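Enquirer: I would like to see how this sequence folds:
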Amino acid sequence: KKAMSTIKQLENELLEVSKFVEEKVANNDSSHDFQHISRVYNLANKLIEMENIEDPDTILVVRLSCLLHEVGDYKYSDSPDDDVNEMKDFLLGLNYSQETINKVIDVIGNSSYSKELAGEGIPEEIFTEVSILQDSDRIDAIGAIGIARTFAYGATKGHKFYDENIKPRIGLSSKEYKDHKVPSTTINHFDEKLLLIKDMMKTKSGSEIALQRHEFLITFKQQFLSEWDFGYQ
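Expert: Residues are numbered from 1 along each chain as shown. Modelled structure (predicted):
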């Protein structure tokens, strides 16, 4: 079965979008692949339910944004602007309104971690949509799955698991966060980002889910370092 079968509640109108996305991210590693997108989509539907969001236009924009949020990601795309334009044309071809398409682009553009580090606030008119996308995406970045994704991505960058001589960079700016030329380790990413996510949730429901996953991050890191030290004594 294709990965798209893992998405729950996928309405017929979104099937073509999911096929488009699956092709666009086919070469992504497992930290940002279609299974990640599927989990974010499912988490968003759960948050929509838990937050009692009922407006159909809001729900549609959230679902489209979740499916499309990895298209044009600077970490994987050689031409992000071209990817976004292709996405716009594709949605127009499916007869989505220009208003809906523009809103989806705005929601995705305002949801990035680096943009929040830069201190840019979320426009009030899309706060709900961005909040659901952000929380869903960030929940998938922590807990057991988040740890698996972190090690998978670190491997693609040639990062060591851990090196006591490479200290985590605390209080990263947006520019520093996006600078992948600085030596780092996968365990450092816990202190540089993962352990900060719990307090960056926008929704009450997202905060509740994130708390349990945050506790697992702490447990894992402690266990990892105890085993590491034991092996080097």
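Enquirer: Next, the buried residues of the lengthiest helix in the chain.
Expert: Ranked by residue count and defined by DSSP state H, the top helix of the chain is helix 204-232. Residues of helix 204-232 classed as buried by neighbour count (16 or more other CB atoms under 10 Å): S205, G206, S207, I209, A210, R213, H214, L217, F220, K221, F224. Bear in mind the C-beta positions are built from the backbone N, C-alpha and C, glycine included.
Enquirer: for these, which one is nearest G72?
Expert: G206 (24.3 Å; CB to CB).
Enquirer: chain center to the longest helix of the chain, what's the gap?
Expert: For helix 204-232, the separation from the chain centroid amounts to 19 Å (computed by CA atoms, centre = their mean, to the nearest Å).
Enquirer: now stretch 150-162
Expert: The answer for stretch 150-162 is 17 Å, by CA atoms, centre = their mean.
Enquirer: any residues touching it, and which ones?
Expert: 29-32, 141, 166, 180, 184-190, 194, 224-225, 228 (CB atoms under 8 Å, 6 or more residues apart in numbering).
Enquirer: Are any of these buried, and if so which?
Expert: Applying 16+ other CB under 10 Å to the contacts of stretch 150-162 flags 29, 31-32, 141, 184-190, 194, 224 as buried.
Enquirer: Just put those residues in a markdown table and tack on pLDDT.
Expert: What follows is these, written out as a markdown table (pLDDT from 0 to 100):
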| residue | pLDDT |
| --- | --- |
| D29 | 92 |
| S31 | 94 |
| H32 | 95 |
| A141 | 97 |
| S184 | 89 |
| T185 | 96 |
| T186 | 97 |
| I187 | 97 |
| N188 | 96 |
| H189 | 95 |
| F190 | 97 |
| L194 | 97 |
| F224 | 96 |
